[in-house]
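Colleague: Here is a sequence with its predicted model. Questions after.
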Amino acid sequence: MRTFDLSRRGFLSTLALGTAGLALSSCVAPAAPGAGEEAEAIVLNALYPSGGPLWGEYLDKISDDFNTQTGIEHRYSTLPFVQLMDKQLTLVAAGSADVDVFGTHYAQIGRFIEALFPLNDFAAGDGVESADYVEGSFDAFTGNGNLLAIPYTFDLRALYYRTDLFEAAGIEAPPTTWDELVATAQALNDPPDLYGYLIVGKGDPALREYSDLLWENGGDFLENGLEPSPPAWNQPEGVEALQWWYDLIHTHEVVPAGTPSYGWEENGQLWTAGQAAMSKQWGPGGSMDPDQSVIVDNFSIAPLVGNKTNITTAVCHGRAINLHSAQPDAAWQWIHYITGQPAMVDLHASVGSRPAHLGALNEAIETAEGIVALNLQASLAGAANGYTWPLFPEFSEIQPILWGEIEKVLSDQKSPQEGLDFAAQEAEKILANAGLI
């Protein structure tokens, strides 16, 4: 079988996640009931990011499989990503054990260094090793020496485009550059029923979109890359990137006017409803589901467009245990089960998400066909240029300020330079107060 290796540009070798440490916990199996006693049922509660119908069907299925094998019941709720992170932090701050398992992500892990149960001993006891997962992902989920989450899915987007519309317009190939994307979107634009392109514009999704545009235009968030240093996003590369995004809405008018209010959910729903010719998407599951998509047989997938570079966001979701969980051993059994190779293969087959487990990812690459294979090829094409935003805790405080200013720019309340300058000024205060600049 062909092996798969992903370059992470060595960006995590200098990861600085300095906060107060958490004591490691040993992995102790639950005590067996005594003679004549009936074992008390174990119920795990979990909070995860929202997903589509296929995601819910998969979770229900694997929860049932896990219960059959272990006798442990897994119940879950979902929330949009930003609300999820805030809810989880609220639970931890209150010392609540109501939720055992958290869905987490590179994007916010800096906020959770003192909120998650260390997994080092659990992982070592079950032979769970960093070499089995996407390169750098264990480092990204480690703070102050503690492994805080196990990588789950590998997040990369690709360009989805309507083959029927391209053929009707005589467009032979998807765009590969910013300029080509705008020209193609203009050629296919027919609002309000059909827009040439879809793009997000609010909250954490907006910051992730800005990441792509910033890096593709040759910029970066900080002067020293991923190390604590003064902001750099308000330099010309960052301003130009945000101006290009603004122009899609207000100058070229090839995306809906409501874009500043769109997150992942709105973007995905409009795409599967057939209201756009092109869009960035994380996976093909929703587009292929006839219960929610009208474009099942009328789309294809290509690598993301670039500009000065082809650097793109390549990050992982993870699964973690609430520091206050009263049953961390059972929670670990669940996490170990769903992040192992068999469950990861099943995840990809059921939902189309890219597994963070390399063995499962290799299986997916070898066996995928049709649109699923195209999605893997297109999204993984940029993996060697994959990058992330800074992961130290203070940057987690900065992120909402920055995406708030991006929202103001996209909704025509500020110019790109004004919004990015304000965010940089506020960020400098946070970094200076922490002694980082």
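Modeller: Great, that's in hand. Bear in mind that the values here come from a model prediction, so they are computed numbers and not experimental data.
Colleague: can you pull out the helices in the stretch 1-150 of the chain?
Modeller: 53-70, 81-93, 120-125, 137-140 (DSSP state H, counting those that start in this stretch).
Colleague: Out of the ones you listed, flag the one nearest Ser415.
Modeller: helix 81-93 (25.2 Å; C-beta to C-beta). Quick note: C-beta positions are derived from backbone N, CA and C, even for glycine.
Colleague: what helices or strands is the closest one leaning on?
Modeller: Here helix 81-93 touches strand 42-49, strand 101-105, helix 203-216, going by 3 or more C-beta pairs under 8 Å, 6 or more residues apart in numbering; DSSP states H and E.
Colleague: which other residues reach that helix?
Modeller: Helix 81-93 is contacted by residues 47-50, 78-79, 98-99, 102-105, 107-108, 111-112, 115, 203-205, 263-264, 322-324 when judged by C-beta atoms under 8 Å, 6 or more residues apart in numbering.
Colleague: quick one on the thing from earlier: looking at the helices of the stretch 1-150 of the chain, spot the one closest to His250.
Modeller: helix 81-93 (24.8 Å).
Colleague: buried stuff in that closest one?
Modeller: Phe81, Val82, Leu84, Met85, Gln88, Leu91, Val92 (16 or more other C-beta atoms under 10 Å).
Colleague: cool, and stretch 316-336?
Modeller: Those would be 316-325, 327-336, for stretch 316-336 by 16+ other C-beta under 10 Å.
Colleague: Return the residues in contact with the residue nearest the centre of the chain.
Modeller: Nearest to the mean C-alpha position of the chain, counting by C-alpha atoms, centre = their mean, stands Asp155 at 5.1 Å. Neighbour list for Asp155: His105, Trp282, Thr313, Ala314, Val315, Cys316, His317, Arg354 [criterion: C-beta under 8 Å, 6+ apart].
Colleague: what do you get if the cut-off is 10 Å, keeping everything else the same?
Modeller: 105-107, 134, 208, 282-283, 313-317, 353-354, 356, 379, 386, 388 (C-beta atoms under 10 Å, 6 or more residues apart in numbering).
Colleague: Glu172: which of the helices of the stretch 1-150 of the chain is closest?
Modeller: Comparing the helices of the stretch 1-150 of the chain by C-beta to C-beta, helix 53-70 comes nearest, at 31.8 Å.
Colleague: Just the buried ones from the contacts of helix 81-93?
Modeller: 47-50, 78-79, 99, 102-105, 107-108, 111-112, 115, 203-205, 263-264, 322-324.
Colleague: which residue ranges form the helices in the stretch 201-350 of the chain?
Modeller: With DSSP H, counting those that start in this stretch as the criterion, the stretch 201-350 of the chain has helices spanning 203-216, 236-250, 264-272, 285-288, 328-338, 341-351.
Colleague: Buried residues in the longest one, which are they?
Modeller: Buried residues in helix 236-250, counting neighbours by 16+ other C-beta under 10 Å, are found at Glu237, Gly238, Val239, Glu240, Ala241, Leu242, Gln243, Trp244, Trp245, Tyr246, Leu248, Ile249.
Colleague: who are the neighbours in contact with the residue nearest to the fifth one when sequence neighbours are not counted?
Modeller: Using C-beta to C-beta, 6 or more residues apart in numbering and skipping residues adjacent in sequence, the residue nearest Ala241 is Leu213, 3.9 Å away. Contacts here follow C-beta under 10 Å, 6+ apart; on that basis Leu213 touches 178, 199, 219, 237-238, 240-245, 307, 312.
Colleague: Let me have those residues in CSV, adding distance to Asn375 and pLDDT as columns.
Modeller: Converted to CSV, the contacts of Leu213 look like this (distance: C-beta to C-beta, whole Å; pLDDT from 0 to 100):
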residue, distance to Asn375, pLDDT
Trp178, 22, 98
Ile199, 19, 98
Gly219, 28, 98
Glu237, 29, 98
Gly238, 29, 98
Glu240, 30, 98
Ala241, 25, 98
Leu242, 28, 98
Gln243, 30, 98
Trp244, 25, 98
Trp245, 24, 98
Asn307, 23, 97
Thr312, 15, 91
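Colleague: Farthest pair within the residues you listed?
Modeller: Gln243 and Thr312 (19.7 Å).
Colleague: one step back: can you pull the pLDDT of the residue nearest to Ala241?
Modeller: Per-residue pLDDT puts Leu213 at 98.
Colleague: Kindly provide the distance from it to Tyr76.
Modeller: 33 Å (C-beta to C-beta, to the nearest Å).
Colleague: Where does the prediction get shaky in the chain?
Modeller: 1-39 (pLDDT under 70).
Colleague: Looking at the helices of the stretch 201-350 of the chain, which is nearest to Glu369?
Modeller: helix 341-351 (11.3 Å).
Colleague: Could you give me the buried positions within that closest one?
Modeller: Gln341, Ala343, Met344, Val345, Asp346, Leu347, His348, Ser350, Val351.
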